[in-house]
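>>> Predicted model and sequence below, questions to follow.
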Amino acid sequence: MGSIPDCVLRWSGQRMPVVGFGTASEIVEGSDFFTVTKQAVLQAIKLGYRHFDTASLYGSEQPLGEAIVEALSLGLIKSRNELFITSKLWCTQAYGDLVLPALKTSLQNLKLDYLDLYLIHWPICLKQRKEGFRAAMEDCQRLGLIKSIGLSNFACKKVADILSIVKIPPVVNQVELNPLWQQKKLKDFCHVNGILLQAYSPLGAVGTKWGSNRVMECEVLKEIAKVKGKTVAQVCLRWAYEEGVIVIVKSFNAERMKQNLEIMDWSLSEDELKMIQHIPQSRGVQAEAFVSENGPFKTLEELWDGEI
Ligand SMILES: NC(=O)C1=CN([C@@H]2O[C@H](COP(=O)(O)OP(=O)(O)OC[C@H]3O[C@@H](n4cnc5c(N)ncnc54)[C@H](OP(=O)(O)O)[C@@H]3O)[C@@H](O)[C@H]2O)C=CC1
Ligand SMILES: O=C[C@H](O)[C@@H](O)[C@@H](O)[C@H](O)C(=O)O
């Protein structure tokens with residue numbers, strides 16, 4: 001394992017590497033998505049990544065599963081237990097009787113017996129039938145198919161709602177988080193409730209259809225990176241680490257994968273942290289796709305509990 005420290009998850013006592021490898025990527029016409037993803041994961045394992053993030057939505061569960069099988073056969077890892085694997089339950093399956101079949105499909109895709117962490121991908125389902133859904137997720141944990149349950153894209157009020165109905169509290173909340181969207185209110189609220197924040201799009205998802213270059217082109221971050229002799233990406237990842245946030249960062253490029261791990265043997269100064277603290281804030285991933293007249297959320301304010 002590289003120099004990436006672990007944190008210990010509440011309830012299960014699991015160890016989770018504080019840098020996770022994201023696998024959401026856009027399927028490029030004509031490219032071999034499966035092979036590109038599988039080879040990227042194998043390269044990541046060779047470089048020291050041990051925490052992998054996927055989702056039913058991404059189509060990356062199967063290549064990730066294949067890469068794990070190959071990594072074991074090549075001796076890159078001795079056991080599956082060296083890895084921390086997260087997948088996510090998509091909105092269309094987030095209803096009582098659909099949860100277990102959806103999880104079993106993810107496990108088949110991944111060729112795994114259990115997930116370390118299973119996230120509710122979006123808080124869409126809960127608008128309708130909360131109780132059945134909660135019971136199903138907790139049944140999956142009791143069956144040993146998941147070690148921990150988490151949330152994703154839950155703003156404060158929605159986290160509070162779920163805490164009011166669950167018997168087993170979620171251990172993480174995976175949300176968009178980077179220096180231009182620092183989620184201060186949500187971070188404080190989750191901290192008080194013992195929930196770890198995982199940052200997705202820690203680099204602003206530069207180069208993807210759901211992101212932009214606004215983080216990587218931020219003048220304050222470029223200035224700090226220049227002074228430190230680091231890249232903007234490394235400043236973003238180091239900042240999140242110093243904020244106590246787990247980062248889930250995606251790169252399918254070997255050099256940038258390596259660069260993204262090189263954030264542990266240096267730190268940001270108090271002045272640099274203050275400069276980042278004062279960067280103007282706005283949400284990057286608005287997720288308009290989840291807002292509609294006849295959907296569970298009619299406005300972005302409703303989806304994000306006003307945190308936009
Ligand atoms: N729960 C949710 O709703 C969501 C979860 N996620 C998860 O979070 C992961 C990461 O977030 P994501 O939205 O992908 O965005 P990131 O902020 O991780 O950015 C990914 C992009 O940054 C580029 N990149 C990576 N490293 C560097 C670097 N050092 N320098 C310059 N560019 C770099 C990558 O290109 P290249 O590959 O060419 O290096 C890629 O285009 C996803 O893969 C997914 O697993 C993402 C969105 C939503
Ligand atoms: O549909 C809107 C967006 O694509 C959203 O679904 C994705 O960003 C997804 O949450 C992910 O995890 O990447």
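Nice, I can see it. Numbers count the residues shown, from 1 in each chain. Ligands and ions are numbered 1, 2, ... in the order given.

>>> Poorly predicted segments of the protein, please.
Low-confidence segments of the chain (pLDDT under 70): 1-2, 125-132.

>>> hey, where'd the strands end up in it?
Using DSSP state E, the strands of the chain run over residues 6-8, 15-17, 19-22, 51-53, 84-89, 115-120, 146-152, 172-176, 196-200, 246-249.

>>> who in this protein is up against ligand 1?
Selection of the chain residues close to ligand 1 by Cβ under 6 Å from any ligand atom yields 22-24, 53, 121, 152-153, 174, 200-208, 211, 231, 233, 248-253, 256, 259-260. For glycine as for every other residue, the C-beta is placed from the backbone atoms N, C-alpha and C.

>>> quick one, helices of the chain?
With helices called from DSSP state H, the chain shows them at 33-47, 61-74, 96-110, 130-142, 156-163, 184-192, 219-228, 232-242, 254-261, 270-277, 300-303.

>>> Now tabulate those in JSON lines and tack on mean neighbour count and distance to Gln286.
Converted to JSON lines, the helices of the chain look like this (neighbours: other Cβ atoms under 10 Å; distance: least, Cβ to Cβ, whole Å):
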{"stretch": "helix 33-47", "mean neighbour count": "19", "distance to Gln286": "26"}
{"stretch": "helix 61-74", "mean neighbour count": "19", "distance to Gln286": "26"}
{"stretch": "helix 96-110", "mean neighbour count": "18", "distance to Gln286": "26"}
{"stretch": "helix 130-142", "mean neighbour count": "17", "distance to Gln286": "25"}
{"stretch": "helix 156-163", "mean neighbour count": "18", "distance to Gln286": "16"}
{"stretch": "helix 184-192", "mean neighbour count": "15", "distance to Gln286": "16"}
{"stretch": "helix 219-228", "mean neighbour count": "16", "distance to Gln286": "22"}
{"stretch": "helix 232-242", "mean neighbour count": "23", "distance to Gln286": "20"}
{"stretch": "helix 254-261", "mean neighbour count": "16", "distance to Gln286": "25"}
{"stretch": "helix 270-277", "mean neighbour count": "14", "distance to Gln286": "22"}
{"stretch": "helix 300-303", "mean neighbour count": "17", "distance to Gln286": "6"}
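
>>> I'd like those laid out as JSON lines, including distance to ligand 2.
Below are those laid out as JSON lines (distance: least, Cβ to the nearest ligand atom, whole Å):
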{"stretch": "helix 33-47", "distance to ligand 2": "14"}
{"stretch": "helix 61-74", "distance to ligand 2": "13"}
{"stretch": "helix 96-110", "distance to ligand 2": "14"}
{"stretch": "helix 130-142", "distance to ligand 2": "18"}
{"stretch": "helix 156-163", "distance to ligand 2": "15"}
{"stretch": "helix 184-192", "distance to ligand 2": "16"}
{"stretch": "helix 219-228", "distance to ligand 2": "22"}
{"stretch": "helix 232-242", "distance to ligand 2": "17"}
{"stretch": "helix 254-261", "distance to ligand 2": "18"}
{"stretch": "helix 270-277", "distance to ligand 2": "24"}
{"stretch": "helix 300-303", "distance to ligand 2": "11"}
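
>>> Let's have these in JSON lines, adding distance to Arg15.
Shown next, in JSON lines, are the helices of the chain (distance: least, Cβ to Cβ, whole Å):
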{"stretch": "helix 33-47", "distance to Arg15": "17"}
{"stretch": "helix 61-74", "distance to Arg15": "18"}
{"stretch": "helix 96-110", "distance to Arg15": "20"}
{"stretch": "helix 130-142", "distance to Arg15": "18"}
{"stretch": "helix 156-163", "distance to Arg15": "24"}
{"stretch": "helix 184-192", "distance to Arg15": "20"}
{"stretch": "helix 219-228", "distance to Arg15": "29"}
{"stretch": "helix 232-242", "distance to Arg15": "16"}
{"stretch": "helix 254-261", "distance to Arg15": "17"}
{"stretch": "helix 270-277", "distance to Arg15": "27"}
{"stretch": "helix 300-303", "distance to Arg15": "33"}
